[in-house]
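>>> Quick one: sequence plus predicted model below, questions after.
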Amino acid sequence: MAVIYLVPPVSYTCPNNTTCCDDPTFDTSVFKRTIATEFHLICDKSWLQSFFQTLFQSGVMAGSLMFGIASDRYGRRPAVIVAVMLELCTGIIAAFMTGYWSFTFVRMITGAATGGIMVVTFVLLMEFIGTDKRSMFSAIFHVPFAMGHMSLPLFAYFYRDYVQFQFAISVANVIVLIYICLLPESPRWLLAMNKVNEVVTILTKVAIINKMPTDTIRQAVEQYHINYHVSSIPKGSVADLFRTSNLRRNIVVMSFTWFACSFSFFGMAQYVSYLTGDIFLNVFASGAVCFCACLVAIPMLTFMKRKKAVAICNATCGVCLLIIAFIPDGILGMVFACLGMLLNFLVFIIIYLYCTEMFPTVVRNAALGFSSMMARVGSMIAPFVVALKPHGQWCAPVLFGVLPLISAVLCLMLPETKDIRLMTTLEEGEAIGQSSRKIGTK
């Protein structure tokens with residue numbers, strides 16, 4: 001979301017030319033220096049403004065897949081620690097890059113780290129949380145994102161030079177690095193890798209902290225290990241998601257849902273900066289509705305079926321965004337934009353959990369990584385759609401509104417996963433698409 005302030009809408013005049021010039025006079029009343037003003041990204045170079053965000057999201061896309069696969073093979077904890085360190089280092093380095101391409105390239109690496117953090121930390125959380133608490137914590141997981149979104153206007157208000165802004169938001173990641181190193185490995189992943197003793201050690205520490213009995217932990221873990229034949233589970237890969245019909249259908253529909261959601265959300269997040277009003281207040285408002293979405297998601301995930309919730313939110317979101325195309329630019333447009341973003345972010349929260357529940361342990365991170373990769377394809381395209389606003393106010397809202405409507409229909413093909421036990425094997429993952437019978441509860 002930092003791109004909103006790294007590349008905000010730019011205004012300039014050309015003293016010797018009414019359209020474009022080699023030496024424009026930029027309006028610095030709001031921002032002293034941005035990427036657009038620093039590297040003269042206007043006229044025939046204006047497409048580089050959108051391309052900057054596209055390359056960042058391509059990094060997120062690659063990182064989501066690479067770190068997802070790496071965490072399935074080498075563990076959740078080492079993958080997320082590497083990702084956090086990479087995000088911190090490259091974010092700071094980017095602030096000292098003096099050229100457009102060098103700055104953009106380093107930011108792309110930062111994006112890869114960000115994608116890895118988003119995917120792996122969510123899976124790690126879900127593999128620690130029991131079924132009865134899964135809905136609440138899957139919503140709470142997104143609260144920091146919303147708070148970060150809301151804090152961006154504060155950073156941008158005090159740091160109106162893009163170099164200072166980039167440095168400030170990167171240094172803040174030191175806090176993440178400190179606590180992320182204290183995280184234990186996922187017991188479910190360790191069990192899938194046949195590391196029973198390490199599982200017992202971690203769960204014993206957790207039980208001691210929570211002041212719970214520890215004498216039956218080893219017996220329970222070993223019994224679970226025997227019951228679900230964990231010792232015979234092979235390591236999975238992205239290819240395994242496409243080998244059988246039901247897993248293939250589920251991953252195709254789920255990845256399209258992620259694509260549509262990301263396309264609309266990140267597109268509208270940038271679009272609001274072009275709407276009438278203060279850019280700081282507009283972005284804060286869009287972040288605030290994301291925070292509200294986290295609160296709304298808790299009862300929704302607790303009491304509603306996953307499939308129904310995704311379908312309703314997507315359909316309503318699509319209608320709200322289409323309405324923007326047919327009303328004058330102003331406060332009412334901002335209201336519908338924020339409402340659409342709230343519903344869109346609700347879908348994001350739900351599909352993170354939905355995808356986690358739908359695929360087994362051996363390919364769970366691969367499924368999340370692939371879906372997140374498709375989401376980044378949507379966010380890579382979105383900036384170019386936002387840039388269509390000068391060609392017609394209706395262009396961007398219509399395109400952002402149509403895909404959620406299509407997604408609402410397609411998600412009806414997915415199986416319901418509410419209250420099921422997290423699956424371990426590929427056979428369980430295939431079975432959930434063949435029968436409405438629940439695999440079991442925990």
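In hand now; what should we look at?
>>> For residue 134, give its distance to residue 50.
38 Å (C-beta to C-beta, to the nearest Å). Heads up, the C-betas are built off the backbone N, CA and C, glycines and all.
>>> element containing the closest residue to residue 295 other than its chain neighbours?
Spatial nearest neighbour of residue 295, chain neighbours left out: residue 139 (7.7 Å); criterion: C-beta to C-beta, 6 or more residues apart in numbering. For residue 139, the enclosing helix or strand under DSSP states H and E is helix 131-140.
>>> Can I get whichever helix or strand comes after that helix in PDB, CA atoms only?
Next helix or strand after helix 131-140 toward the C-terminus (DSSP H and E): helix 143-158. Below are the C-alpha coordinates for helix 143-158, written out as PDB (Å, rounded to 0.1, in the frame of the first residue of the first chain):
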ATOM      1  CA  VAL A 143      -5.800  -6.500  12.000                       C
ATOM      2  CA  PRO A 144      -2.100  -5.600  11.700                       C
ATOM      3  CA  PHE A 145      -2.400  -5.200   8.000                       C
ATOM      4  CA  ALA A 146      -5.400  -2.800   8.500                       C
ATOM      5  CA  MET A 147      -3.500  -0.900  11.200                       C
ATOM      6  CA  GLY A 148      -0.500  -0.600   8.900                       C
ATOM      7  CA  HIS A 149      -2.800   0.700   6.100                       C
ATOM      8  CA  MET A 150      -4.200   3.300   8.600                       C
ATOM      9  CA  SER A 151      -0.700   4.300   9.800                       C
ATOM     10  CA  LEU A 152       0.700   5.000   6.200                       C
ATOM     11  CA  PRO A 153      -1.000   8.500   6.100                       C
ATOM     12  CA  LEU A 154       0.700   9.300   9.400                       C
ATOM     13  CA  PHE A 155       4.200   8.400   8.000                       C
ATOM     14  CA  ALA A 156       3.400  10.200   4.700                       C
ATOM     15  CA  TYR A 157       2.200  13.300   6.500                       C
ATOM     16  CA  PHE A 158       5.500  13.700   8.400                       C
END
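>>> Tell me the buried residues in the following helix or strand past helix 143-158?
Sequence order places helix 162-171 as the next helix or strand after helix 143-158, per DSSP H and E. In terms of neighbour count (16 or more other C-beta atoms under 10 Å), helix 162-171 has its buried residues at 162-167, 169-170.
>>> swap in stretch 246-258?
Using 16+ other C-beta under 10 Å as the burial criterion, the residues of stretch 246-258 that qualify are 247, 250-251, 253-258.
>>> Contacts for that stretch, please.
240-242, 310, 314, 347, 351, 354-355, 358-359, 367, 370-375, 378, 406-407, 410-411, 413-415, 426, 429-434 (C-beta atoms under 8 Å, 6 or more residues apart in numbering).
>>> got the contact list for residue 54?
380-381, 383-384.
>>> Equivalent analysis for residue 365, please.
With contact set as C-beta under 8 Å, 6+ apart, residue 365 has these partners: 68-69, 71-72, 76, 119-120, 123.
>>> In which helix or strand does residue 105 reside?
Assigned by DSSP H and E, residue 105 belongs to helix 100-128.
>>> Buried residues of that helix, list them for me.
For helix 100-128, by 16+ other C-beta under 10 Å, it's 100, 103-128.
>>> Which among the contacts of stretch 246-258 count as buried?
Neighbour counting by 16+ other C-beta under 10 Å classes 240-241, 310, 314, 347, 351, 354-355, 358-359, 367, 370-375, 378, 407, 410-411, 414-415, 426, 429-433 among those as buried.
>>> Mark which of those are part of helices, please.
Residues of the buried ones among the contacts of stretch 246-258 located in helices (DSSP state H): 310, 314, 347, 351, 354-355, 358, 367, 370-375, 378, 407, 410, 426, 429-431.
>>> Name the spans of the stretch 151-300 of the chain whose pLDDT lies under the cut-off.
The stretch 151-300 of the chain contains residues with pLDDT under 70 at 227-236, 273-277.
>>> hang on, the earlier thing: against which helices or strands is the helix holding residue 105 packed?
Secondary-structure packing of helix 100-128 (3 or more C-beta pairs under 8 Å, 6 or more residues apart in numbering; DSSP states H and E): helix 35-38, helix 47-74, helix 76-94, helix 131-140, helix 187-192, helix 331-358, helix 361-386.
>>> at 6 Å what do you get?
helix 47-74, helix 76-94, helix 361-386 (3 or more C-beta pairs under 6 Å, 6 or more residues apart in numbering; DSSP states H and E).
>>> Can you tell me which of the ones you listed is most buried?
Burial of these is given as mean neighbour count (mean count of other C-beta atoms under 10 Å); helix 361-386 ranks first at a mean of 25.
>>> Now do that helix against helix 76-94, angle only.
30 degrees (axes from the mean of the first three to the mean of the last three C-alpha atoms, to 10 degrees).
>>> Measure how helix 361-386 sits relative to helix 100-128, angle-wise.
Using the same axes, to 10 degrees: helix 361-386 against helix 100-128 is 140 degrees.
>>> Report the distance from helix 361-386 to the chain centre.
8 Å (C-alpha atoms, centre = their mean, to the nearest Å).
>>> for that helix, what is the average pLDDT?
The predicted model gives helix 361-386 an average pLDDT of 82.
>>> likewise stretch 48-59?
86.
>>> Could you do stretch 415-435 as well?
Summarised as a single mean, pLDDT over stretch 415-435 is 77.
>>> thinking again about what came up before, let me know the closest of the contacts of residue 365 to residue 27.
Nearest to residue 27, judged by C-beta to C-beta, of the contacts of residue 365 is residue 119 at 39.3 Å.
>>> Settle this for me: that closest one is touching residue 366, isn't it.
No: checked against C-beta atoms under 6 Å, the pair residue 119 and residue 366 is beyond contact range at 9.8 Å.
>>> can you list residues touching both of the two?
The contact sets of residue 119 and residue 366 overlap at residue 68 (C-beta atoms under 6 Å, 6 or more residues apart in numbering).
>>> And the closest residue to residue 147 other than its chain neighbours, which helix or strand is it part of?
In space, and not counting its chain neighbours, residue 147 is closest to residue 291: 6.7 Å by C-beta to C-beta, 6+ apart. Here residue 291 is covered by helix 279-303, with elements defined by DSSP H and E.
>>> How far does stretch 7-17 sit from its chain's centre?
33 Å.
>>> Which parts of it count as buried, going by neighbours?
7-10, 12.
>>> give me every residue that touches the spatially closest residue to residue 124 that is not a sequence neighbour.
Leaving out its chain neighbours, the residue that sits closest to residue 124 by C-beta to C-beta, 6+ apart is residue 76, at 4.4 Å. Going by C-beta under 6 Å, 6+ apart, residue 76 touches 120, 124, 186, 189.
>>> Thank you, goodbye.
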